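Engineer: Structure for this input, please:
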Amino acid sequence: MNNNYYQNPIIDDKTYNNPLTYIDIFNLNRGKMATFYIDNESKECSELHGIIEKASYDYIIISDPKTGKWTLLLPNYLNYVIFDENINY
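Structural biologist: You can find the predicted model right below:
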């Protein structure tokens, strides 16, 4: 039997020991403007633009500086995010 078949590929130690989740990336980029694309129950896509205030596995909080409104997003409906500037990761 060839044991090489069962070996894991070589992975950078930094990546392997400390993987970042999307929540970690949001928290590293608090205060940055981003556009969030989310679905609702009827699969309609919405676009929300705001500043990342806080993120957890249960929620993402963003604020809109133009209106002063804060929005609580549920990550299970999140499709993707576009940042307006370079991000930390």
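Engineer: from memory Leu73 sits against Ser56, does it?
Structural biologist: No. The pair Leu73 / Ser56 is not scored as a contact, 10.9 Å apart, by C-beta atoms under 8 Å. All C-beta spots, glycine's among them, are computed from the backbone N, C-alpha and C.
Engineer: between the two, who's got more neighbours?
Structural biologist: Comparing Leu73 with Ser56 by neighbour count (other C-beta atoms under 10 Å), the higher total belongs to Leu73, at 18 against 11.
Engineer: What score does that one have for pLDDT?
Structural biologist: On the pLDDT scale, Leu73 is placed at 91.
Engineer: So what pairs up with the closest residue to it other than its chain neighbours in the strands?
Structural biologist: Among residues not flanking Leu73 along the chain, Ile60 sits closest, at 4.3 Å (C-beta to C-beta, 6 or more residues apart in numbering). For Ile60, the beta-bridge partners are Ala55, Leu73 (DSSP bridges).
Engineer: so Ile60 makes contact with Trp70?
Structural biologist: No. In this structure Ile60 lies outside contact range of Trp70 using C-beta under 8 Å: 11.1 Å.
Engineer: if you count what's nearby, which of these two comes out ahead?
Structural biologist: Neighbours were counted for Ile60 and for Trp70 using other C-beta under 10 Å; Ile60 has more, 26 against 12.
Engineer: and the gap between Leu48 and Pro19?
Structural biologist: As judged by C-beta to C-beta, to the nearest Å, Leu48 and Pro19 stand 27 Å apart.
Engineer: Of these two, which one has the most company?
Structural biologist: Under the criterion of other C-beta under 10 Å, the comparison of Leu48 against Pro19 puts Leu48 first, with 15 against 9.
Engineer: Tyr59 reaches Leu72, doesn't it?
Structural biologist: Yes. Counting by C-beta under 8 Å, Tyr59 does reach Leu72; the two are 5.5 Å apart.
Engineer: which stretches of the protein form helices?
Structural biologist: Remark: helices assigned in the chain by DSSP state H are 13-17, 22-28.
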